[in-house]
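J.: I'll drop the sequence and a predicted model, then ask my questions.
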Amino acid sequence: MKLEFDGKVVVITGAAGALGSEVARTFFEAGAKLVCLDLDRDGLERIFKGVPIRPEDYLIESIDLTDPEAVDGAVRKAIERFGRIDVLVNAVGGFRSGTPSHETPMKVWDFMMNINARTVLVAMNAVIPYLLTQKDGAIVNIGAGPGIKGRAKMAAYSASKSAVIRLTESVSAEVKNAGVRVNCILPGTIDTPQNRKDMPDADFSMWVQPRSLANVILFLASDAAQDIHGAALPVYGLN
């Protein structure tokens with residue numbers, strides 16, 4: 001099945017990251033116009049290096065994705081540039097683990113909740129009013145397996161990803177009758193340079209490729225997934 005997004009506008013948070021940049025390129029190949037948001041300006045500039053994309057077909061904004069005013073402003077710029085938004089992909093996120101809950105510093109808890117959960121809520125709050133006006137659109141968030149079942153020494157991460165899943169379910173229930181679909185995926189370990197550096201002895205062949213995840217996100221954002229609402233779809237690879 002070929003999924004096409006000709007003329008559609010896709011907003012991607014965390015677009016400079018390993019997953020977000022792959023999501024951006026995948027949607028571009030499917031014909032979408034792109035709004036790429038991330039704090040990392042240099043990373044945003046690198047997304048389309050060597051890619052024959054026209055300047056009028058994308059917008060990049062270096063902003064703090066936990067800041068509602070900054071995200072609202074970027075979304076307004078997207079509307080001014082393209083006239084509409086069709087898809088929001090919340091690819092921003094982070095991971096911290098390694099200590100029992102009672103030894104985890106509050107700054108780690110706050111970081112996990114902010115980068116994984118707050119960013120999702122802030123972006124959805126900014127985009128959903130436009131989707132409701134259009135009575136059409138799709139949102140795809142990034143959860144994780146530990147958000148379903150907590151694991152030792154990753155309480156903050158598990159709680160933040162559980163919040164993403166519950167947000168996905170709750171917001172889906174609020175907007176699905178207005179033509180807006182909200183779902184999330186649950187990736188296994190993603191094959192990224194950082195993960196290879198952090199886990200050099202792992203079997204990388206068991207991990208999930210960013211392009212594979214991007215293709216699943218593309219499906220959930222497409223009309224082919226029109227009857228999927230509030231789902232948390234596992235994409236674990238061979239883990």
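T.: On my side now, so go ahead.
J.: surely Q226 and R181 touch.
T.: Yes. With contact defined as C-beta atoms under 8 Å, Q226 reaches R181; the gap is 7.1 Å. C-beta: built from backbone N, CA, C; applies to glycine.
J.: these two - which one has more neighbours?
T.: Shown here are Q226 and R181; by other C-beta atoms under 10 Å, R181 has more neighbours (25 against 10).
J.: surely the more buried one forms part of a strand?
T.: Yes. Counting by DSSP: H, G, I helix; E, B strand; the rest coil, R181 is found in a strand.
J.: how close does it get to D227?
T.: The gap separating R181 from D227 is 9 Å, by C-beta to C-beta, to the nearest Å.
J.: report the buried residues of the longest helix belonging to the chain.
T.: Counting residues, the longest helix found in the chain (DSSP state H) is helix 155-175. Within helix 155-175, the residues that count as buried by 16 or more other C-beta atoms under 10 Å are 155-165, 167-169, 171-172, 175.
J.: ok, now stretch 127-136?
T.: Residues of stretch 127-136 classed as buried by neighbour count (16+ other C-beta under 10 Å): V127, I128, Y130, L131.
J.: which pair in those spans the largest distance?
T.: Largest separation among the buried residues of stretch 127-136 by C-beta to C-beta: I128 and Y130, giving 7.3 Å.
J.: I165 against V182, yeah?
T.: No. Using C-beta under 8 Å, I165 is not in contact with V182; the gap is 11.1 Å.
J.: returning to that earlier point: which helices and strands sit right next to the longest helix of the chain?
T.: The contact analysis (3 or more C-beta pairs under 8 Å, 6 or more residues apart in numbering; DSSP states H and E) places helix 155-175 against helix 106-112, helix 119-134, strand 137-142, strand 180-187, strand 232-235.
J.: can you give me the end-to-end distance of stretch 33-52?
T.: End-to-end distance of stretch 33-52 (C-alpha to C-alpha, to the nearest Å): 13 Å.
J.: next one: stretch 85-103
T.: Terminal residues of stretch 85-103 are spaced 43 Å apart (C-alpha to C-alpha).
J.: of the buried residues of stretch 127-136, closest to L238?
T.: Nearest to L238 out of the buried residues of stretch 127-136 is V127 (C-beta to C-beta; 34.0 Å).
J.: single out the most deeply packed of the helices and strands packed on helix 155-175.
T.: Highest mean neighbour count among the helices and strands packed on helix 155-175 (mean count of other C-beta atoms under 10 Å): strand 137-142, with a mean of 26.
J.: now stretch 17-34: mean pLDDT?
T.: Averaging pLDDT along stretch 17-34 gives 97.
J.: swap in stretch 217-232?
T.: When pLDDT is averaged along stretch 217-232, the result is 97.
J.: can you give me the end-to-end span of it?
T.: Rule used - C-alpha to C-alpha; the end-to-end distance of stretch 217-232 is 12 Å.
J.: stretch 105-125 too?
T.: Span of stretch 105-125 from end to end, C-alpha to C-alpha: 29 Å.
J.: and for it, what are the contacting residues?
T.: 11, 13-14, 37, 65-68, 71, 88, 90, 92-94, 96, 99, 139, 141, 156-157, 159-161, 163-164, 167, 171, 182 (C-beta atoms under 8 Å, 6 or more residues apart in numbering).
J.: after the lowest-mean-pLDDT helix or strand in the chain, next one along is what?
T.: Each helix and strand of the chain was given a mean pLDDT (mean pLDDT, DSSP states H and E); the minimum falls on helix 193-198 at a mean of 87. With elements assigned by DSSP states H and E, the helix or strand that comes after helix 193-198 is helix 210-221.
J.: fine by me, we can end here.
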